[in-house]
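Participant: sequence below, structure please.
(4 chains)
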Number of protein chains: 2
Amino acid sequence: MQDLAWAALSDPTRRALLGVLLTRPHSVSEMVTKLGVSQPTTSKHLRVLRESGLVQVTGDAQRRIYSIDAVPLADLDRWLAPYRKLWNERLDALGRHLDAKEH
Amino acid sequence: MQDLAWAALSDPTRRALLGVLLTRPHSVSEMVTKLGVSQPTTSKHLRVLRESGLVQVTGDAQRRIYSIDAVPLADLDRWLAPYRKLWNERLDALGRHLDAKEH
DNA sequence: GACGTGTATGCCTTGACAAGCATATGTCGC
DNA sequence: GCGACATATGCTTGTCAAGGCATACACGTC
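Facilitator: Purely as a prediction, here's the structure:
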């Protein structure tokens, strides 16, 4: 299931769509104008995002409103968690390095 | 540059390679046996990871040792950051819901 | 210098995916 | 019911990536 989210996010256009949805939910035509992508292409990308669980669609058949579903992103965050300590260690080492230089 | 990282991480085999490298650096043959993937395939995936900056290679030409480079992952984390508040809000809402139920 | 080991690369086939275009579906106002 | 609008889907084409296989390259050993 996370595989679907990774595959969905590997496409820059779909990440841009999520970026647009970050501020507030949008209709399809709003996203079309904001990104300058054709309407069929936008609908196809939204389908992928929908089937991966990254967005939800709500409302009537015309003027469907898409919004972000954070659940798969939280999964992503959990995947990333074990690696997070790696760059924290790097920052710690850098901090110690700078501290040592001060003396 | 982040596009490269996203593309690299979209493949499950490459994510598995990173998972193996999480504990400690490995040589190619170690990863081959741990993942049960053929050696050429492993080398090709490692090349993608290398060119996306996700891993570093160190050591002699034979027995090359691969290790994680956390920098692109930190970029990923920064990309994820604005979305993080979305599921925090969800958790807050859930918390308020449970609180309300207690009374 | 020949050999064995570890790693990388080239070639090939297959499958997936993105975008463009045309078209279908679904819904509203009249 | 019929246009007008918003959204979705089918079809086709080009591109690209993954894996299998054979093979090249680099290094150490004798």
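Participant: now the angle from the helix or strand containing residue A:98 to helix B:71-102?
Facilitator: Taking DSSP states H and E as the criterion, residue A:98 maps to helix A:71-102. In terms of direction (axes from the mean of the first three to the mean of the last three Cα atoms, to 10 degrees), helix A:71-102 departs from helix B:71-102 by 120 degrees.
Participant: and chain A, which residues reach chain B?
Facilitator: A:3, A:6-7, A:9-10, A:12, A:15, A:18, A:22, A:68, A:70-71, A:73-74, A:76-77, A:79-80, A:82-84, A:86-87, A:90 (Cβ under 8 Å from any Cβ of the partner chain). Glycine gets a C-beta too; all of them are placed from N, C-alpha and C.
Participant: now the phi/psi pair for the residue of chain A at minimum distance from DNA strand C, please.
Facilitator: Residue nearest to DNA strand C within chain A: residue A:61 (3.0 Å; Cβ to the nearest atom of the strand). Here is the backbone geometry of residue A:61 (degrees, to the nearest 10): phi -70, psi -40.
Participant: from chain B, how far off is it?
Facilitator: 26 Å (Cβ to the nearest Cβ, to the nearest Å).
Participant: equivalent analysis for residue A:58, please.
Facilitator: 16 Å.
Participant: and if you look at residue A:20?
Facilitator: For residue A:20 relative to chain B (Cβ to the nearest Cβ), the value is 12 Å.
Participant: swap in residue A:41?
Facilitator: Residue A:41 is 18 Å from chain B, by Cβ to the nearest Cβ.
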